[in-house]
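In: No sequence on hand, only this structure:
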């Protein structure tokens, strides 16, 4: 009996490592929904954000929407057929698609990323859920308008594309001294 027990212990110790390592999945919030429901909800919310330029939702949903909304603007700025097909596959309405590839692509042509702003709101009274507003920046009726550069402020080159740097230099007064 003792020999059998020792053999069992040896077998337990001799666990071979698994050939298939588990792959790390993307970090996203489940939002209390299954995957198809969650994706459908996020697509609809991004579509509504594009149409209305601002939506009010819970903080967790707002944090999930923000990168998706930024991605739609990036696709609009590319303007290629491939980008349009990807946007068609994600967006729900033709109006949103048209708005992304015309109005928004033009508005953000000099901006590299950061097209959306997330503003925290007081908690919802009914259940205490943290609330937030997601809105597109550089438009009429913003909650917090972007601050213009101050006079004499040196802006790092990496923040702006070369075309905007040239435009900023053209507007600054030249010293003839």
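Out: In hand now; what should we look at? If you're wondering where the values come from, they're calculated on a predicted model, not measured in any experiment. Numbering: from 1, shown residues only.
In: Name the residues that touch stretch 33-45?
Out: The set of residues external to stretch 33-45 that reach it, using CB atoms under 8 Å, 6 or more residues apart in numbering, is 30, 31, 55, 57, 61, 64, 65, 68, 90, 91, 92. No exception for glycine: its C-beta is placed from N, CA and C like everyone else's.
In: Correct me if wrong: residue 109 contacts residue 76.
Out: No - using CB atoms under 8 Å as the test, residue 109 is too far from residue 76 to be in contact (9.8 Å).
In: More neighbours: which of these two?
Out: Each of residue 109 and residue 76 had its neighbours counted (other CB atoms under 10 Å), and the higher figure belongs to residue 76 (26 against 12).
In: And the helix or strand that contains the more buried one, what's buried?
Out: Secondary structure from DSSP states H and E places residue 76 in helix 59-78. Judged by neighbour count (16 or more other CB atoms under 10 Å), helix 59-78 contains these buried residues: 59, 61-62, 64-66, 68-70, 72-77.
In: One more: stretch 99-109?
Out: 99, 100, 101, 104, 105, 107, 108.
In: For residue 134, see how far away the nearest residue to residue 75 once chain neighbours are set aside is.
Out: Spatially, and ignoring its direct neighbours in sequence, residue 75 is nearest to residue 83 (4.2 Å; CB to CB, 6 or more residues apart in numbering). According to CB to CB, to the nearest Å, residue 83 and residue 134 sit 22 Å apart.
In: mind checking pLDDT for the nearest residue to residue 64 once chain neighbours are set aside?
Out: With sequence-adjacent residues excluded and distances taken as CB to CB, 6+ apart, residue 64 is closest to residue 29, at 5.6 Å. What the model reports for residue 29 is a pLDDT of 79.
In: Since that was my last question, I'll sign off now.
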